[in-house]
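K.L.:
sequence unknown, structure follows:
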């Protein structure tokens, strides 16, 4: 083997290094055993790398550590986390390079570990390497780059760097290989969790933005159509009125859909919070406004609404704005999935310990084996009759979430082909999450 003191770039095959006689001391083996035992329990990528950096500095030269992952069908590598003893890092998180024709591509292909003994000298001979230039600006003088592999898949790289030249040898490679498998698994798991979290956040933001942007123009269109039907711009022929009524119906459906998605966006963003108020008049402040919203739809379906309400005032502790969403969703579902000309029953009961609300409707109901799907996000029941009715699969999930926030419970009963009923109970006082 050439003298490493004069060799700028050095590759070590992991298979050969793994078969080499162990040169690790008992102290090093104890540290590595502790790393293997603890690293898998760390959830976030930042904490995994911080733990590795702090625990191994005593046995492996390291002024800087970084982790990068393969992206875009393994055509690109992107830095995801950096930790250094010094303050100013130039090659930061988010830095990205193509893999094609790079030395990193060779590491993936040949399963090797790369050691650069003199980074300044390496950069002089590889002036196109932007990452080398940035690291030299940080004061880095040598580095060891190790592929991260999980179940035979290459997922990224771990970079250890030192401000001293010739800091790494086959001994440091053995140190890495002793924890490589467990480290790679822990790092990828933490990275995937962070990716899912970021994707979920972006999805929620996009959902809220698109829904909000659609709401105003559709509401305006519906308002203009109502003006026409009301005769404010002159009399209409029957055929014209019929088509404008269809426009109003479609606009109402879209506005309800947008409302569902705006509520969902609030949930996904963690902005659905209780604002409890004492002594809320449940009938006057929640039931009546909800029925006002839905009355025109009930009229179109020619359905009969039967109310079973206490004779006295029903005062409860709750978030009235959120419970209006619940009532509109439940009664709206009874209208949507109920039979034309059928009956809808709204029941309200108050006991010393809880509020009980039920919404029953004549209609196709649902199969008992699909009951568990009702309150799941984007879930719609799969029966020929129910599939014909338009729905987002969001309203019942939002309803369930709001009831959970109130410390309550909601469930459903049905006789398929005859009726469906939704019942909720909210404790008094509220036992919020």
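P.N.:
Sure, I can see it. Because the structure is a prediction, the values reported are computed rather than measured.
K.L.:
secondary structure of residue 159: a helix, I assume?
P.N.:
No. Using DSSP: H, G, I helix; E, B strand; the rest coil, the secondary structure at residue 159 is strand, not a helix.
K.L.:
tell me the confidence at residue 169?
P.N.:
Per-residue confidence at residue 169 stands at 90 (pLDDT).
K.L.:
what's the neighbour count on it?
P.N.:
16 (other C-beta atoms under 10 Å). Every C-beta, even on glycine, is put in place using the N, C-alpha and C of the backbone.
K.L.:
and residue 241, by the same measure?
P.N.:
14.
K.L.:
could you do residue 166 as well?
P.N.:
Neighbourhood size, residue 166 [other C-beta under 10 Å]: 19.
K.L.:
quick one: it and residue 8, what's the gap?
P.N.:
In this structure, residue 166 and residue 8 are 10 Å apart, going by C-beta to C-beta, to the nearest Å.
K.L.:
who touches both of those two?
P.N.:
Common neighbours of residue 166 and residue 8, using C-beta atoms under 8 Å, 6 or more residues apart in numbering, are 117, 118.
K.L.:
following the least confident helix or strand in the chain by mean pLDDT, which helix or strand shows up next?
P.N.:
In the chain, the helix or strand scored least confidently by mean pLDDT, DSSP states H and E is helix 384-387, which has a mean of 61. As assigned by DSSP states H and E, the chain's next helix or strand after helix 384-387 is helix 395-405.
K.L.:
contacts for the helix or strand following that following helix next, please.
P.N.:
Proceeding N to C from helix 395-405, the next assigned helix or strand is strand 409-415, under DSSP H and E. Applying C-beta under 8 Å, 6+ apart, the contact partners of strand 409-415 are 365-368, 371, 374-375, 399-400, 403, 420-425.
K.L.:
which of those residues are buried? Put it as a PyMOL command.
P.N.:
Here is the PyMOL command that picks out the buried ones among the contacts of strand 409-415, judged by 16 or more other C-beta atoms under 10 Å:
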select buried, resi 365+366+374+375+399+400+403+420+421+422+423+424+425
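K.L.:
of the contacts of strand 409-415, which belong to helices?
P.N.:
Counting by DSSP state H, the contacts of strand 409-415 place 399, 400, 403 in helices.
K.L.:
the first one contacts residue 323, doesn't it?
P.N.:
No. With contacts counted by C-beta atoms under 8 Å, residue 399 stays clear of residue 323, the gap being 9.8 Å.
K.L.:
thinking again about what came up before, farthest-separated two in the contacts of strand 409-415?
P.N.:
Greatest spatial distance among these (C-beta to C-beta): 367 and 425, at 24.3 Å.
K.L.:
quick one, helices of the chain?
P.N.:
Under DSSP H, the chain gives helices at 14-19, 26-39, 45-56, 103-110, 119-125, 130-138, 170-177, 180-229, 238-268, 282, 288-300, 320-337, 384-387, 395-405.
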